[in-house]
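A.B. asks: make a model of this:
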Amino acid sequence: MSKKPPTLAETLARFEALSTEHSALVAEIETLNQEIATARSTARATRDAAIAASQSPGKHADEIERKRHAADRALLDLESRLKELSIRRDELFNTRHALRCPATLAEIREHQSHLVVARAEVANLEERLAAVNDAPPPDSSGLEAIEAELSEGLVKVELGEAAPSIVKDLEARRDKARRDLEAARAERSRVELLKRGLETRLAGARAEVERLEAAHKVALTWHLLNEIEAVDTEYHAAGDQLHAAYARLHGLSRTLARVDRGRANGVDISHHDLLTLPNLGRFVDTRDRRDSHEARARASQLERERLASAGIELPA
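C.D. replies: Modelled structure (predicted):
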């Protein structure tokens, strides 16, 4: 039983996994190169110290030599690790580059539908986050105004300028303003938590859109490459047919010239430019598509052989 070829989704998942591993290796190699630069400086310094110590031996000469060996060993280990990682990085790149899937338009449309949904999710989250950001902060000015009014009222009562009853009303209004402000601050705290959650969700949604857009580009690339290769096959088949017909016209006209020079003058194309089909570049077959004098001579020979095999005698 033949193994079922992987689907577009499976191939894209494989491509993404290879890309993730490749990116991680590139970052690791960059860090390792920095470590190697430091290790080289250390090894150079210990070698210089060892040379100086050998010229004036002392009790620390053996210790300096041990440090030199350790520095050299550390550098060699890092360089060996770099070589291993570089080989793996190149292998991943080549494997990813060679990965292909025919990717039909129906499959691409299905994948694209997920991208549309992901983009809509981003737009929805951005709209909700904008609404949260537009929410006004708690306003304490009302409480401050009431407290100022209450302060003035207390002074008036203390100085006998107003009845104590005015304080009770002001205190009630102050207490209500305090409760309202505390509720507004609590709501603001809730809104800040909501904002943080929306920002986290939005970051994930944007990353998903970026992932799907990258995958869409890869799938479309695979589809177009597959189409180019299919059409290239047709192109070269048509080219072969065209060259065959063109060569036979030359063969027929040359053979006719042997039979009836006057009639052949009207159809002789032997002196026309060579027929050359355009080379389509590195993505397709690069075989030479040029006509040649040798091909024309061979076509003439085939025409004579065709007539001879049918028992037809040609003029000398």
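A.B. asks: pLDDT averaged over the helix or strand where Arg188 lies - what is it?
C.D. replies: Following DSSP states H and E, one finds Arg188 within helix 165-259. When pLDDT is averaged along helix 165-259, the result is 89.
A.B. asks: gap between it and the chain center?
C.D. replies: Put simply, helix 165-259 sits 11 Å off its chain's centre (CA atoms, centre = their mean, to the nearest Å).
A.B. asks: please apply the same query to stretch 78-96.
C.D. replies: Mean-position distance between stretch 78-96 and its chain equals 20 Å (CA atoms, centre = their mean).
A.B. asks: got the buried residues for it?
C.D. replies: Leu78, Leu82, Arg89, Leu92, Arg96 (16 or more other CB atoms under 10 Å). Just so you know, the C-beta spots here come from the backbone N, C-alpha and C atoms, and that holds for glycine as well.
A.B. asks: narrow those residues to those in strands?
C.D. replies: If you go by DSSP state E, the buried residues of stretch 78-96 have nothing in strands.
A.B. asks: turn these into TSV, columns for pLDDT and distance to Arg44.
C.D. replies: Below are the buried residues of stretch 78-96 laid out as TSV (pLDDT from 0 to 100; distance: CB to CB, whole Å):
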residue	pLDDT	distance to Arg44
Leu78	94	14
Leu82	96	18
Arg89	96	27
Leu92	96	33
Arg96	95	38
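A.B. asks: including distance to Thr38, could the residues you listed go into a markdown table?
C.D. replies: A markdown table is the format used below for those (distance: CB to CB, whole Å):
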| residue | distance to Thr38 |
| --- | --- |
| Leu78 | 9 |
| Leu82 | 13 |
| Arg89 | 21 |
| Leu92 | 27 |
| Arg96 | 31 |
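A.B. asks: out of those residues, who's nearest Glu121?
C.D. replies: Nearest to Glu121 among those is Arg96, at 28.1 Å by CB to CB.
A.B. asks: please name the nearest non-neighbouring residue to that closest one.
C.D. replies: Leu18 (4.1 Å; CB to CB, 6 or more residues apart in numbering).
A.B. asks: give me the pLDDT for that neighbour.
C.D. replies: Predicted confidence (pLDDT) for Leu18: 96.
A.B. asks: residues contacting the residue nearest in space to the middle of the chain?
C.D. replies: For the chain, Ala214 is the residue whose C-alpha lies nearest the centre (CA atoms, centre = their mean; 5.2 Å). With contact set as CB atoms under 8 Å, 6 or more residues apart in numbering, Ala214 has these partners: Glu16.
A.B. asks: 10 Å - rerun?
C.D. replies: By CB atoms under 10 Å, 6 or more residues apart in numbering, the contact set of Ala214 is Leu12, Phe15, Glu16, Ser19.
A.B. asks: now render these as TSV, adding neighbour count and secondary structure.
C.D. replies: Shown next, in TSV, are those (neighbours: other CB atoms under 10 Å; DSSP: H, G, I helix; E, B strand; the rest coil):
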residue	neighbour count	secondary structure
Leu12	24	helix
Phe15	21	helix
Glu16	15	helix
Ser19	17	helix
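A.B. asks: of the residues you listed, closest to Asp72?
C.D. replies: When those are compared against Asp72 (criterion: CB to CB), the nearest one is Ser19, at 36.7 Å.
A.B. asks: just give the nearest non-adjacent residue to the closest one, would you?
C.D. replies: Of all residues not flanking Ser19 in the chain, Arg96 sits nearest, at 6.3 Å (CB to CB, 6+ apart).
A.B. asks: contact partners for the one you found?
C.D. replies: Neighbouring residues of Arg96 by CB under 10 Å, 6+ apart: Arg14, Phe15, Glu16, Ala17, Leu18, Ser19, Glu21, His22, Val218.
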